[in-house]
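In: Need a 3D model of the following:
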Amino acid sequence: MCDKDVKHAHDYNVSADVRAVMQSVPSREEMLGDIVMALLRAGQIISRRTICLKLVSRIESETDPIVAAHLSDLMRLILRNNRS
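Out: Next comes the predicted model:
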């Protein structure tokens, strides 16, 4: 096997690992759905404020940096202005 083949095989393994990790992380829609369902079960009002508070709580308690980053992205999405 030449150096080029080894490098290509290594790149493939790394990208396959990244894909595997990303598939295990819930999508933004799933995360938001989980938060809304938790708020509904707790009898709380669904608002931007309550969703953001729940997101902050989950970000602070999250130990997986990838999931924390996704939660932070979701927070930015919710707080973003609707201006184009």
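
In: Just the buried residues of whatever helix or strand residue 54 lives in, please?
Out: Using DSSP states H and E, residue 54 sits within helix 48-61. Neighbour counts over helix 48-61 (16 or more other Cβ atoms under 10 Å) mark 51, 54-55, 58-59 as buried. Glycine gets a C-beta too; all of them are placed from N, C-alpha and C.

In: Following the chain onward from it, which element is next?
Out: Using DSSP H and E, the next helix or strand after helix 48-61 towards the C-terminus is helix 65-79.

In: the inter-axis angle of that following helix versus helix 48-61?
Out: Using axes from the mean of the first three to the mean of the last three Cα atoms, to 10 degrees, one finds that helix 65-79 and helix 48-61 are set 160 degrees apart in direction.

In: Enumerate the positions of stretch 62-79 that are buried.
Out: Buried-residue list, stretch 62-79, by 16+ other Cβ under 10 Å: 67, 70-71, 74-75.

In: Dump those residues to a markdown table, plus distance to residue 34 and pLDDT.
Out: Rendered in a markdown table, the data for those read as follows (distance: Cβ to Cβ, whole Å; pLDDT from 0 to 100):
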| residue | distance to residue 34 | pLDDT |
| --- | --- | --- |
| 67 | 12 | 90 |
| 70 | 12 | 91 |
| 71 | 11 | 93 |
| 74 | 11 | 92 |
| 75 | 14 | 93 |
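
In: Any chance of the residues you listed in CSV with distance to residue 28 as columns?
Out: Listed next are the buried residues of stretch 62-79 as CSV, based on distance: Cβ to Cβ, whole Å:
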residue, distance to residue 28
67, 12
70, 7
71, 9
74, 5
75, 10
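
In: coming back round to it: ok, the buried residues of helix 48-61 vs residue 26, which is closest?
Out: Nearest to residue 26 among those is residue 58, at 11.4 Å by Cβ to Cβ.

In: Pull stretch 25-40 out as PDB, backbone CA atoms only.
Out: This file holds the C-alpha atoms of stretch 25-40, laid out as PDB (Å, rounded to 0.1, in the frame of the first residue of the first chain):
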ATOM      1  CA  VAL A  25     -26.800  13.500  18.100                       C
ATOM      2  CA  PRO A  26     -30.400  14.500  17.800                       C
ATOM      3  CA  SER A  27     -31.400  17.100  15.200                       C
ATOM      4  CA  ARG A  28     -32.400  20.600  16.200                       C
ATOM      5  CA  GLU A  29     -36.000  19.700  15.600                       C
ATOM      6  CA  GLU A  30     -35.800  16.700  17.900                       C
ATOM      7  CA  MET A  31     -34.100  18.700  20.600                       C
ATOM      8  CA  LEU A  32     -36.700  21.500  20.400                       C
ATOM      9  CA  GLY A  33     -39.400  18.900  20.500                       C
ATOM     10  CA  ASP A  34     -38.000  17.300  23.600                       C
ATOM     11  CA  ILE A  35     -37.800  20.700  25.300                       C
ATOM     12  CA  VAL A  36     -41.400  21.600  24.400                       C
ATOM     13  CA  MET A  37     -42.700  18.100  25.500                       C
ATOM     14  CA  ALA A  38     -40.900  18.500  28.900                       C
ATOM     15  CA  LEU A  39     -42.400  22.000  29.300                       C
ATOM     16  CA  LEU A  40     -45.900  20.600  28.500                       C
END
